[in-house]
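**Q** Please find the sequence and the predicted model below.
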Protein chains: 2
Amino acid sequence: MITLYDFELSGNCYKPRLLMSILGLTYETVPVDFYPGREHKSEAFLKLNPFGELPVLVDDGLVLRDSQAILIYLASKYDKTGQWYPLSDPAVLAEIAIWHDFANRITATASAARLGLSMFYDVDIEAAQAGAHQLFRLLDEHLWFGEREGRDWLCAPSHPTTADIACFPYVALSEEAGVPRQDYPAIRRWLDRVKRIPGFTVMSGVFPAGPAIEA
Amino acid sequence: MITLYDFELSGNCYKPRLLMSILGLTYETVPVDFYPGREHKSEAFLKLNPFGELPVLVDDGLVLRDSQAILIYLASKYDKTGQWYPLSDPAVLAEIAIWHDFANRITATASAARLGLSMFYDVDIEAAQAGAHQLFRLLDEHLWFGEREGRDWLCAPSHPTTADIACFPYVALSEEAGVPRQDYPAIRRWLDRVKRIPGFTVMSGVFPAGPAIEA
């Protein structure tokens, strides 16, 4: 049985929920009161994850922290298509590592600004927003060049990988961070593609895809 | 042919040099004047890596940034033992992702303090040192519990992985960051084990292993 220690409003917790939904896995959640309760810093939780961070996934006794690590685990263990973490392709594995790291940079900027605005964290909101815009510009260029080369996803040309799941939540939630996306058309098209992946699921603040636009 | 865009004093550049030495790979280096020249922010270098960061590895036309991503690529492509990035073991792959992320946290603290002290970067040195000590305590506990369970390495019980390579440099260089290691005996033993891996190579500031102590 898979158990996810979860906070509904966390983009990092949404990552494994999203991939498990797409892969059709069943799991149970244990809600952790991240805000306002700070339960992730409680003695009981620190025994599970000494870093005091969400999410934590437990599968048959194996305890894993770090949202991207959990994605790698779920994909390499349960994805029968082999597309989400393509173990036989070293170049794509390296690209995925690059964009998993990028996802952490988005967390350090866009998510930090959202924590400051919506959960009253002590954050330099303007600096975090400026950092998010710098990253969004790099992301938009990467996606825009990709579209010109026939690559619709972050790492592999013809299918999404765990990197698309890792980068999606805090980009999709950026309005809650005061980081609008009107200057990033390739990002907006990519968000829409992610929302059309079979099995996609929403979270609070992330809306389903609208009707497809006729060409 | 493998080409590494390299700065000798960078712990992040040392990571691929170290793994390539262990794997017995031949490569050429292109020196990049990170300090004082800031060549990694030059227009020419930004074309290679829009993030303006070292190292960059080019293998047969494939351009990769991010030291941990480069380790994953080298191991999954060139390591015939399969131990350095064990593709058939989802749990170990997840552990490696966790400790690759930990390596980035060490960079953000221990390496930042070293940049402040040795290359006059504008860094809050005391805050960076305090952050490094927090991480070193978690690392020491992880290694100490591992030794009691018969696990000598960060992720796999009986052999090192790319995670050991990723975490090694800035821990081994911590004296240059003003972060002494006398309170971390398990870290000191682990550093010594890494230095005894066949093919280990040094960098400026990292000394070879001493003579083994008779039991």
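**A** Received, thanks.

**Q** the domain parsing of chain A - what is it?
**A** Domain segmentation of chain A under automatic domain parsing yields A:2-78, A:90-195.

**Q** Turn those into CSV, columns for distance to chain B, mean neighbour count and mean pLDDT.
**A** (Glycine included, C-beta is placed from N, CA and C.) Output for these, formatted as CSV (distance: least, C-beta to the nearest C-beta, whole Å; neighbours: other C-beta atoms under 10 Å in any protein chain shown; pLDDT from 0 to 100):
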stretch, distance to chain B, mean neighbour count, mean pLDDT
domain A:2-78, 4, 18, 96
domain A:90-195, 4, 19, 97
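
**Q** got the contact list for the lengthiest helix in chain A?
**A** Criterion DSSP state H: the longest helix present in chain A is helix A:125-149. Residues from elsewhere that reach helix A:125-149 (C-beta atoms under 8 Å, 6 or more residues apart in numbering or on different chains): A:102, A:105-106, A:108-110, A:112-113, A:116-117, A:152-154, A:157, A:167, A:171, A:174, A:177-179, A:181, A:183-187, A:189-190, B:50-51.

**Q** Mind doing that once more with 7 Å?
**A** Under the contact criterion C-beta atoms under 7 Å, 6 or more residues apart in numbering or on different chains, helix A:125-149 has outside partners A:105-106, A:109-110, A:112-113, A:116-117, A:152, A:174, A:177-179, A:184, A:186-187, A:190, B:50.

**Q** Can you list which of these are found in strands?
**A** When the contacts of helix A:125-149 are checked against strands (DSSP state E), there are no matches.

**Q** ok, then the element right after the longest helix of chain A?
**A** helix A:162-172 (DSSP states H and E).

**Q** who's in contact with the most centrally placed residue in chain A?
**A** When C-alpha atoms, centre = their mean is applied to chain A, the residue found nearest the centroid is residue A:166 (3.2 Å). Contacts for residue A:166 (C-beta under 7 Å, 6+ apart) come out as A:15, A:67-68, A:71, A:99-100, A:103.

**Q** re the thing from before, distance to residue A:209 for the domains of chain A - can I get that in CSV?
**A** Below are the domains of chain A laid out as CSV (distance: least, C-beta to C-beta, whole Å):
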stretch, distance to residue A:209
domain A:2-78, 14
domain A:90-195, 4
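
**Q** how about those, which one is nearest residue B:2?
**A** Across the domains of chain A, the minimum distance to residue B:2, taken as C-beta to C-beta, is reached by domain A:90-195, at 12.8 Å.

**Q** can you pull the contacts of residue A:109?
**A** Neighbour list for residue A:109: A:128, A:131-132, A:135 [criterion: C-beta under 7 Å, 6+ apart].

**Q** In three-state terms, how would residue A:64 be classified?
**A** Here residue A:64 is recorded as strand under DSSP: H, G, I helix; E, B strand; the rest coil.

**Q** Hmm, it is touching residue A:73, no?
**A** Yes. With contact defined as C-beta atoms under 7 Å, residue A:64 reaches residue A:73; the gap is 5.8 Å.

**Q** Touching both of the two, which residues are there?
**A** Listed as contacting both residue A:64 and residue A:73 by C-beta under 7 Å, 6+ apart are residue B:94.

**Q** Next, the angle from the longest helix of chain A to helix A:162-172.
**A** Put simply, helix A:125-149 runs at 130 degrees to helix A:162-172, going by axes from the mean of the first three to the mean of the last three C-alpha atoms, to 10 degrees.

**Q** So what's the gap between helix A:125-149 and the chain middle?
**A** 15 Å (C-alpha atoms, centre = their mean, to the nearest Å).

**Q** Ok, stretch A:85-103 next?
**A** 15 Å.

**Q** could you pull out the helices for chain A?
**A** Taking DSSP H as the test, the helices found in chain A are A:11-23, A:43-48, A:67-78, A:90-106, A:112-119, A:125-149, A:162-172, A:185-195.

**Q** what's in contact with the first one?
**A** Contact partners of helix A:11-23, identified using C-beta under 7 Å, 6+ apart, comprise A:4, A:6-7, A:27, A:54-55, A:57, A:67, A:70-71, A:74-75, A:78-79, A:107, A:111, A:162, A:165-166, A:169-170, A:173, A:197, A:199-201, A:203.

**Q** now with 8 Å?
**A** So helix A:11-23 is contacted by A:2, A:4, A:6-7, A:27, A:53-55, A:57, A:67-68, A:70-71, A:74-75, A:78-79, A:84, A:107, A:111, A:162, A:165-166, A:168-170, A:173, A:197-201, A:203, A:206 (C-beta under 8 Å, 6+ apart).

**Q** cool, the last one as well?
**A** When contacts are taken as C-beta under 8 Å, 6+ apart, the neighbours of helix A:185-195 outside the stretch itself are A:136, A:139-141, A:143-144, A:146-147, A:152-154, A:160, A:164-165, A:168, A:171-172, A:181, A:200, A:208-210.

**Q** measure the closest residue to residue A:78 other than its chain neighbours to residue B:64 for me?
**A** Spatially, and ignoring its direct neighbours in sequence, residue A:78 is nearest to residue A:23 (5.5 Å; C-beta to C-beta, 6 or more residues apart in numbering or on different chains). According to C-beta to C-beta, to the nearest Å, residue A:23 and residue B:64 sit 28 Å apart.

**Q** ditto for residue A:69
**A** Applying C-beta to C-beta, the value for residue A:69 to residue B:64 is 20 Å.

**Q** same check, this time on residue A:15
**A** 24 Å.

**Q** Pull the most distant pair out of the contacts of residue A:109.
**A** Among the contacts of residue A:109, A:128 and A:135 lie farthest apart (C-beta to C-beta), at 10.7 Å.

**Q** and residue A:80, how many residues sit next to it?
**A** Around residue A:80 there are 6 other residues, counting by other C-beta atoms under 10 Å in any protein chain shown.

**Q** Please read off the pLDDT at it from the model.
**A** Each residue has a pLDDT score; the one for residue A:80 is 95.

**Q** and if you look at the one 3 residues further on?
**A** What the model reports for residue A:83 is a pLDDT of 97.

**Q** Can you tell me, leaving aside adjacent residues, what's nearest to it?
**A** Using C-beta to C-beta, 6+ apart, the closest residue to residue A:83 is residue A:159 (4.5 Å).

**Q** any idea how far the one you found lies from residue B:60?
**A** Using C-beta to C-beta, residue A:159 is found at 24 Å from residue B:60.

**Q** can you tell me which residues contact the nearest residue to residue A:45 once chain neighbours are set aside?
**A** Counting by C-beta to C-beta, 6+ apart, residue A:39 is the residue found nearest to residue A:45 once chain neighbours are left out, at 6.0 Å. Residues near residue A:39 by C-beta under 8 Å, 6+ apart: A:32-33, A:45.
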